[in-house]
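Peer 1: Need coordinates for the following:
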Amino acid sequence: MASWSDRLVEASFKAAPEGYVFQSPNPWLFARPHYYLVNDAQKAVIGEFIRKRARFGMVSGIVGVVGVLTLATVPLVFFGQYFGPFSTWLLAMAFLVPMMIVPHIYYMRLLRPIIKDLPTTDRRFTMSVQLTAMPKWALYTGIICGLLVVFAAMMASYELMSEGRLAGRWISQVFGITAGVLLAGFSVYGVVLKKKPGKTELGQRTKPLAR
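Peer 2: Just a heads-up that it's a prediction; the model follows:
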């Protein structure tokens, strides 16, 4: 049985007459992905990069969750006279955001030398295949982290509103709530897709088409 990292590799490619279509994330993270045509040798190299990113992302995610939970509780419990919900939320987000971005930067640095000369293609495929390839623990972690971000932003908003300071800082609170909802919703969508029959048959997507 293929490991979850192997499934992520297969989900990043789709068979094409010229070889494979590779879905590369955009360097700007949340922008539209780029699509390139690759051959078998290039697919194997990129596949190793995807596995490295998956392992790095797993470690980074664990550190991020533990760090955010620690930074979201310890200051309030032991140093409540110095930290309120708003400052604690900022501290936790300052730790979480780099943990989410660093694996992406690492992956793009690995990809850059090999994709810079690859031909692009108009062929597209959705990210739903990659979502179904993600392990359930990663999706459930995304749900929990998203809900924690929403809760922290709402607590910070309540503190600012009670002190009459929300008017000047409402943009950051809206951004936090929106980011948390998107993360949790994206992860819930992945869980739903994994439960649908026929959504994880990735092997058929990577077999070269008959010429």
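Peer 1: In this protein, what helix or strand scores lowest on average pLDDT?
Peer 2: Per-element confidence for the chain was summarised using mean pLDDT, DSSP states H and E. The lowest value among helices and strands belongs to helix 128-133, with a mean of 73.
Peer 1: Can you tell me which helices and strands it packs against?
Peer 2: Under the contact criterion of 3 or more CB pairs under 8 Å, 6 or more residues apart in numbering; DSSP states H and E, the helices and strands touching helix 128-133 comprise helix 4-11, helix 170-195. (C-beta placed from N, C-alpha, C; glycine too.)
Peer 1: which residue ranges form the helices in the chain?
Peer 2: Secondary structure of the chain by DSSP state H: the helices cover 4-11, 40-78, 85-115, 128-133, 136-162, 170-195.
Peer 1: Let me know which of those is the nearest to residue 29.
Peer 2: helix 85-115 (5.6 Å; CB to CB).
Peer 1: for that closest one, what is the average pLDDT?
Peer 2: Summarised as a single mean, pLDDT over helix 85-115 is 79.
Peer 1: And for stretch 134-145?
Peer 2: Per-residue pLDDT over stretch 134-145 has a mean of 81.
Peer 1: what comes into contact with that stretch?
Peer 2: 4, 8, 58, 61, 64-65, 68, 96, 131, 180, 183-184, 186-188, 190-191, 194 (CB atoms under 8 Å, 6 or more residues apart in numbering).
Peer 1: Return the most buried member of the helices and strands packed on helix 128-133.
Peer 2: Here the criterion is mean neighbour count by mean count of other CB atoms under 10 Å, and of the helices and strands packed on helix 128-133 the winner is helix 4-11, at a mean of 20.
Peer 1: now that helix against helix 40-78, angle please.
Peer 2: Angle of helix 4-11 versus helix 40-78, following axes from the mean of the first three to the mean of the last three CA atoms, to 10 degrees, is 130 degrees.
Peer 1: Return the distance of helix 4-11 from the chain's centre.
Peer 2: A distance of 15 Å separates the C-alpha centroid of helix 4-11 from that of its chain, computed with CA atoms, centre = their mean, to the nearest Å.
Peer 1: before we move on, back to that, residue 34 is nearest to which of the helices of the chain?
Peer 2: Nearest of the helices of the chain to residue 34, taken as CB to CB: helix 85-115 at 7.7 Å.
Peer 1: Now stretch 120-127: buried residues?
Peer 2: Taking 16 or more other CB atoms under 10 Å as the neighbour-count basis, stretch 120-127 is seen to contain the buried residues residue 125.
Peer 1: Output it as PDB, nothing but the C-alphas.
Peer 2: Taking only C-alpha atoms (Å, rounded to 0.1, in the frame of the first residue of the first chain), the coordinates of stretch 120-127 have been written out as PDB:
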ATOM      1  CA  THR A 120       4.100  25.300 -19.500                       C
ATOM      2  CA  THR A 121       0.700  23.900 -20.600                       C
ATOM      3  CA  ASP A 122      -2.900  25.000 -20.700                       C
ATOM      4  CA  ARG A 123      -4.100  21.600 -19.300                       C
ATOM      5  CA  ARG A 124      -5.500  21.900 -15.800                       C
ATOM      6  CA  PHE A 125      -6.700  19.600 -13.000                       C
ATOM      7  CA  THR A 126      -8.200  20.500  -9.600                       C
ATOM      8  CA  MET A 127      -6.500  20.400  -6.300                       C
END
